[in-house]
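Asker: below: sequence and its predicted model.
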Amino acid sequence: MDTAGLVKQLIGWVYRLSPYFWLDNYYKKAELAFEVESESWQALRNKRLFLSEFYIVGWLALSVGLFVLTMFFSFADWLVVLLLLRIFGIVNKELGVILFGICKITEGSMVSATGRVIVLAMVNFLTAMFLFASVYQISGVFEEVPAYFLGDYPIAGLIHAVNLQFTMSGAFTAGDLFTWVVGTGHGVFCFVFGTIVISLFVSLLNVKPLRA
């Protein structure tokens, strides 16, 4: 049984659920009509790179905006499902990049990091933090939250998300099963994503033996 091949296919299938995949795939096919490295080919490649960055940074802006809105308005629980799917999509894409060199514009070796890749990975990391914060704000239940986090601008969800994101330890105790499950999944996300980022940094190192 080809386990690695199965995982690669699964990552590819999940990646296809993203609307960005279909837009990028359209331009990828358009590239085939031109000679590699030609002016027209490079113009399409630059457009793909721009769309990639716009999509990733756009999600960060959207996640921050959504969190701010959760401090003032109530949202339906079905939105939580969409947010969790986006978080899963972030992990799926980064795993595709680091494990198989897929789910990116310039497909290649399994570890092929650049400064751009790492910066965008960190943007995704922050995006996931604000998405988790919104999930906690919308449907999370916590015990013994200090009053100063529950005033006119409640930010308990953000505090819990920040703690988990950077220390893998929640700020508050989960008050129901759903919050506990999401918090546990959040910890797993941080562990997996941290491993990915470390791998990306290591791949940038240019280690050479000292001359005798």
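Answerer: Yep, that arrived. Here the structure is a predicted model, which means the values were calculated and not measured.

Asker: give me the distance from stretch 57-67 to the chain's centre.
Answerer: Distance, stretch centre to chain centre, for stretch 57-67: 12 Å (CA atoms, centre = their mean, to the nearest Å).

Asker: can I get it in CSV, CA atoms only?
Answerer: Included here for stretch 57-67 are C-alpha records, laid out as CSV according to Å, rounded to 0.1, in the frame of the first residue of the first chain:
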residue,chain,number,x,y,z
VAL,A,57,-3.3,38.3,2.9
GLY,A,58,-7.0,38.9,2.1
TRP,A,59,-8.0,36.0,4.4
LEU,A,60,-5.9,37.6,7.2
ALA,A,61,-7.7,40.9,6.8
LEU,A,62,-11.1,39.1,6.7
SER,A,63,-10.3,37.0,9.8
VAL,A,64,-9.3,40.1,11.8
GLY,A,65,-12.5,42.0,10.6
LEU,A,66,-14.7,39.0,11.5
PHE,A,67,-13.2,38.8,15.0
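
Asker: which residues are contacting it?
Answerer: Residues outside stretch 57-67 that contact it (CB atoms under 8 Å, 6 or more residues apart in numbering) are 83, 86, 123-124, 126-127, 130-131, 133-134, 137, 157-158. Every residue, glycine included, has its C-beta placed from N, CA and C.

Asker: export the residues you listed to CSV and tack on neighbour count?
Answerer: Formatted as CSV, the contacts of stretch 57-67 follow (neighbours: other CB atoms under 10 Å):
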residue, neighbour count
Leu83, 21
Arg86, 16
Val123, 16
Asn124, 23
Leu126, 14
Thr127, 22
Phe130, 25
Leu131, 26
Ala133, 28
Ser134, 26
Gln137, 23
Gly157, 27
Leu158, 22
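
Asker: list just the nearest of these to Phe172.
Answerer: Within those, proximity to Phe172 (CB to CB) peaks at Gly157, which comes in at 9.6 Å.
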